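Asks: Following is a predicted model, sequence given first.
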2 protein chains.
Amino acid sequence: MIFSAKTEYGVRLMIELGRHHADEPTALKAIAAAEGLPLSYLEHVVADLKRAGLVTSTRGAHGGYRLARPADEIGMDDVVLALEGTVAPMDCFVTLPPERVSCSHEGDAGRACSTRLLWMRVQGGVLKALHGTTLAELVEFSERQAAEPAVA
Amino acid sequence: MIFSAKTEYGVRLMIELGRHHADEPTALKAIAAAEGLPLSYLEHVVADLKRAGLVTSTRGAHGGYRLARPADEIGMDDVVLALEGTVAPMDCFVTLPPERVSCSHEGDAGRACSTRLLWMRVQGGVLKALHGTTLAELVEFSERQAAEPAVA
DNA sequence: AATTAATCCGACTCCACTGCTAGGGTTTCC
DNA sequence: GGAAACCCTAGCAGTGGAGTCGGATTAATT
């Protein structure tokens, strides 16, 4: 069970945006340099974030990206969902909406997955953790790290 | 974010074992048939479970597998950990033990990952959900499903 | 107007890993 | 001794993730 690197990059990107002033846009190039990430790949990442309405962009020279909302109004579930597409512990979760999902491994006459109960709880746990963390928190954490000297 | 099919199979396998009497072993073949899973792959799955001490085996004709402990003493974290190896939202979690993990994307002088705070919470949420669910619960759920007619 | 710096967009490659199969060996019951 | 099960190792094919590349568009600067 692991999140993709794309998600990791996206979270870092958002934090970096949160650390900059919201008035003037930040270029991707700067973020790539600061975090040591490949610029060309970051473009794909930020595209997802933009599609989800989490960042806005200004094109042309001196362009870049800004947070679409203040950092304390951005839950990390928004961010992760935008990048990961879905947060489901099992792929049979993805298909139909809430109930009555027919797993491929249902045995016989469509009685619900017995494993489903477990995956529901796991998904709930993840979503709760994500939703309970705001971007602002991570930004603040990051800034505190930067301030303090690097461990004893 | 998704668990592997191996884990899904393993959980089903454990449930199936839980549904059978613990005195006589259940053959893998029977489980494969009941769940519609490939027998040859199940062998790998059950090997992991055995290695983790969750099931015991008896070889030879009329052999098979049994739960090593009563179902209500088996947390699903045990099962998932045995199959998944680790439950970490990010691969940099896997390496070093608890603290002082040096992520590959640490920027400069080893200040801790700012994303780490987030992943810690997620991991906590998952582990809590898994640990809070016992195999016995799932077995019971499964048996209730089998009893009731399949939806209206 | 030309240049430059940035966002945008799609296609394409590479590679690791997952899911699965195959084949054989070993143990035990009838 | 044969059948039925567990056991172990190797290997393969498909998928998807991570990353690259080339080019198009937009906008500020000079």
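Replies: Thanks, I have it.
Asks: what ranges of chain A fall below the confidence cut-off?
Replies: A:94-112, A:148-152 (pLDDT under 70).
Asks: Enumerate the residues of it near DNA strand C.
Replies: Contacts of chain A with DNA strand C, taken as C-beta under 7 Å from any atom of the strand, map to A:27-29, A:40, A:43-44, A:46-47, A:50, A:57-65. In this view, the C-beta of every residue, glycine as well, is placed from N, C-alpha and C.
Asks: element containing A:His21, please.
Replies: Counting by DSSP states H and E, no helix or strand carries A:His21.
Asks: and it, how far is that from B:Val80?
Replies: To B:Val80, A:His21 is 44 Å away according to C-beta to C-beta, to the nearest Å.
Asks: of those two, who's got more company?
Replies: Per other C-beta atoms under 10 Å in any protein chain shown, whichever of A:His21 and B:Val80 has more neighbours is B:Val80, with 25 against 8.
Asks: Spit out the contact partners of the more buried one.
Replies: Going by C-beta atoms under 8 Å, 6 or more residues apart in numbering or on different chains, B:Val80 touches B:Phe3, B:Thr7, B:Gly10, B:Val11, B:Val87, B:Leu130.
Asks: Among these, which ones are in strands?
Replies: Assignment to strands by DSSP state E places none of the contacts of B:Val80 there.
Asks: for chain A, what spans make up the helices?
Replies: Secondary structure of chain A by DSSP state H: the helices cover A:5-19, A:28-35, A:39-51, A:76-84, A:116-131, A:135-147.
Asks: Please save the CA atoms from the fourth one in CSV.
Replies: Backbone C-alpha positions of helix A:76-84 (Å, rounded to 0.1, in the frame of the first residue of the first chain) are rendered in CSV as follows:
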residue,chain,number,x,y,z
MET,A,76,-5.1,17.3,2.2
ASP,A,77,-7.8,15.1,1.1
ASP,A,78,-8.5,17.6,-1.7
VAL,A,79,-4.8,17.4,-2.8
VAL,A,80,-4.4,13.7,-2.6
LEU,A,81,-7.7,13.0,-4.3
ALA,A,82,-6.8,15.3,-7.1
LEU,A,83,-3.5,13.5,-7.7
GLU,A,84,-4.4,9.9,-6.8
